[in-house]
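Engineer: Mind looking at a prediction? Sequence and model below.
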Amino acid sequence: MTYPTFSLQGPSENLLKAQIAITGSKSETNRLLLLQALFPVLSIDNLSNSEDAQAMQRGVASSKGTVDIYHAGTAMRFLTAYYATQPGVSIILTGSERMQERPIGILVDALRNLGAEISYVKNEGYPPLAIKGSEITQDSVQLNAGVSSQYISALLLVGARLKNGLTLALEGKITSVPYIKMTLKLLEKIGVKTKFEGQEIKVFPASDVFSQSMVVESDWSSASYYYSLIALSDVGSEVSLSSYTPDSLQGDAVLRDIYSHLGVQTTFKKDQLVLAKVAAPSDAILEKGLAWDLSNAPDIAQTIAVSCFGLGVACDLTGLHTLKIKETDRLVALENELSKLGAGLHITEKSLHLAAFNGSIKAHVTIGTYHDHRMAMAFAPLALRVPIAIEDAGVVNKSYPDFWTDMKTLGIQVVPV
């Protein structure tokens, strides 16, 4: 599906004041939806309203026929493990053209080694998948931990329902550890015992999951765009977001530390996350640039790169190897679109270097989104600096359907062209 292009222009004064309600974390929501399917005594409050969460809800309600999850990568990984471990299920699991280019062989191999019946409908190692659910009795498997933590989380979640539990032996450097820890924390919250030591994770078979309501914290990835907006606004700007906690399970909560170097102060007032522009970037940051390893929070890389470009700050971001297999190759997409605006950017397979920019940002440039929701939202804050246009703007529905409405609340003009 292709959406209209939106033209964006910032408010006449670069001073932002607003209160925004953001729905639940997509990452937490999809994990809890799978746990609820496995343990129906659970209920969930503050679900994400994203297309990805809707795809997951449709998926766990299906047991026959074809399930198309479109662009929802998390749903593809989680549902593969779910269907494979449900006796009586017979499903063709497919997705968009891009989803059929995203590898899933590591997860399929692990499930097959446990005894699952999964075959490839088209290309070896890629969706669509033909899955026949069966009872899994084997309780240990090895897999490469350096490609996607979602493979690991998918196995951990279903492991709690297996007769003998599950032990994962992880090979190589473990990527996106906070997302794995999120999965383990949610399992522990519902009463499932887990153990994570070194390169091994064990999930014990569930013995006493009791009825309870799980509340999803709001999405920190969505909060990243407000960090960028505040960073690019004038001192005195303040935006309050709900509902957040200081002890978040989400790896993207590292935004608090990163944006403090760009003049953004974070405070918590009850369930409100309050972001305030208190200063310009420090002299040290302006001189040396921002350097950060995002191995544990790769989804905020685009937002940070755009923020730094708009502020004239150089940045070196590493740990970005997973961006190559997202909705698009996000590193190439960033290089293409920032270059249109005048940026100097160098990328590798797992890093990017953005040179400090001291010129005038090119105005009225149309940003390509490559069917990637984060490209649209990461570039939108630049409207505070120059008028820009965002192509295929409705891709934000994947994770944040209210995004453009909330931009208007901040005084940003959003006009279809």
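Structural biologist: Here it is on my side, so go on.
Engineer: for this structure, what spans make up the helices?
Structural biologist: Taking DSSP state H as the criterion, the chain carries its helices at 26-38, 51-60, 73-84, 105-114, 149-159, 177-189, 220-232, 255-260, 283-288, 301-311, 330-340, 373-379, 403-409.
Engineer: what about the spatially closest residue to P401 that is not a sequence neighbour, neighbour count?
Structural biologist: Leaving aside its chain neighbours, P401 sits nearest to N49 (5.8 Å; criterion: C-beta to C-beta, 6 or more residues apart in numbering). Any C-beta I mention is one placed from the backbone N, CA and C, and that applies to glycine too. Neighbour count for N49, taken as other C-beta atoms under 10 Å: 17.
Engineer: how close does N49 sit to L286?
Structural biologist: 39 Å (C-beta to C-beta, to the nearest Å).
Engineer: just to revisit the earlier point, can you list the helices of the chain in JSON lines and add distance to I390 and mean neighbour count?
Structural biologist: Output for these, formatted as JSON lines (distance: least, C-beta to C-beta, whole Å; neighbours: other C-beta atoms under 10 Å):
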{"stretch": "helix 26-38", "distance to I390": "20", "mean neighbour count": "25"}
{"stretch": "helix 51-60", "distance to I390": "17", "mean neighbour count": "22"}
{"stretch": "helix 73-84", "distance to I390": "22", "mean neighbour count": "27"}
{"stretch": "helix 105-114", "distance to I390": "33", "mean neighbour count": "20"}
{"stretch": "helix 149-159", "distance to I390": "27", "mean neighbour count": "26"}
{"stretch": "helix 177-189", "distance to I390": "28", "mean neighbour count": "19"}
{"stretch": "helix 220-232", "distance to I390": "12", "mean neighbour count": "27"}
{"stretch": "helix 255-260", "distance to I390": "22", "mean neighbour count": "20"}
{"stretch": "helix 283-288", "distance to I390": "28", "mean neighbour count": "12"}
{"stretch": "helix 301-311", "distance to I390": "12", "mean neighbour count": "27"}
{"stretch": "helix 330-340", "distance to I390": "10", "mean neighbour count": "20"}
{"stretch": "helix 373-379", "distance to I390": "5", "mean neighbour count": "28"}
{"stretch": "helix 403-409", "distance to I390": "9", "mean neighbour count": "17"}
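Engineer: can you pull the contacts of I412?
Structural biologist: With contact taken as C-beta atoms under 8 Å, 6 or more residues apart in numbering, I412 is in contact with L8, Q9, G10, P11, A380, A383, L384.
Engineer: What's the separation between the last one and A280?
Structural biologist: Read it as L384. Going from L384 to A280 by C-beta to C-beta gives 14 Å.
Engineer: Next, count neighbours for the closest residue to R330 other than its chain neighbours.
Structural biologist: The shortest distance from R330 to any non-neighbouring residue, by C-beta to C-beta, 6+ apart, is to L323 (4.0 Å). As a burial measure, L323 scores 26 neighbours (other C-beta under 10 Å).
Engineer: my read: L323 touches A301, true?
Structural biologist: Yes. Using C-beta atoms under 8 Å, L323 is in contact with A301, at 6.4 Å.
Engineer: so what's in contact with the two at the same time?
Structural biologist: In contact with both L323 and A301: R330, using C-beta under 8 Å, 6+ apart.
Engineer: Local confidence estimate at T175?
Structural biologist: At T175, the pLDDT value in this model is 86.
Engineer: Surely it touches A145?
Structural biologist: Yes. Judged on C-beta under 8 Å, T175 makes contact with A145 at a distance of 6.6 Å.
Engineer: quick one, what contacts the residue nearest to V89 when sequence neighbours are not counted?
Structural biologist: Leaving aside its sequence neighbours, V89 sits nearest to G133 (C-beta to C-beta, 6+ apart; 3.3 Å). G133 makes contact with S63, Y83, A84, T85, Q86, P87, G88, V89, S90, I91, E117, according to C-beta under 8 Å, 6+ apart.
Engineer: Now for K195: which residues touch it?
Structural biologist: By C-beta under 8 Å, 6+ apart, the contact set of K195 is I201, K202, F204.
Engineer: so where is the stretch 51-200 of the chain shaky, pLDDT-wise?
Structural biologist: Across the stretch 51-200 of the chain, nothing is flagged by pLDDT under 70.
Engineer: Which residue comes closest to the residue nearest the centre of the chain once chain neighbours are left out?
Structural biologist: Centroid check for the chain by C-alpha atoms, centre = their mean gives D299 as the closest residue, at 5.2 Å. Among residues not flanking D299 along the chain, S221 sits closest, at 5.2 Å (C-beta to C-beta, 6+ apart).
Engineer: Check what pLDDT that neighbour gets.
Structural biologist: 95.
Engineer: what's the distance between it and A21?
Structural biologist: 16 Å.
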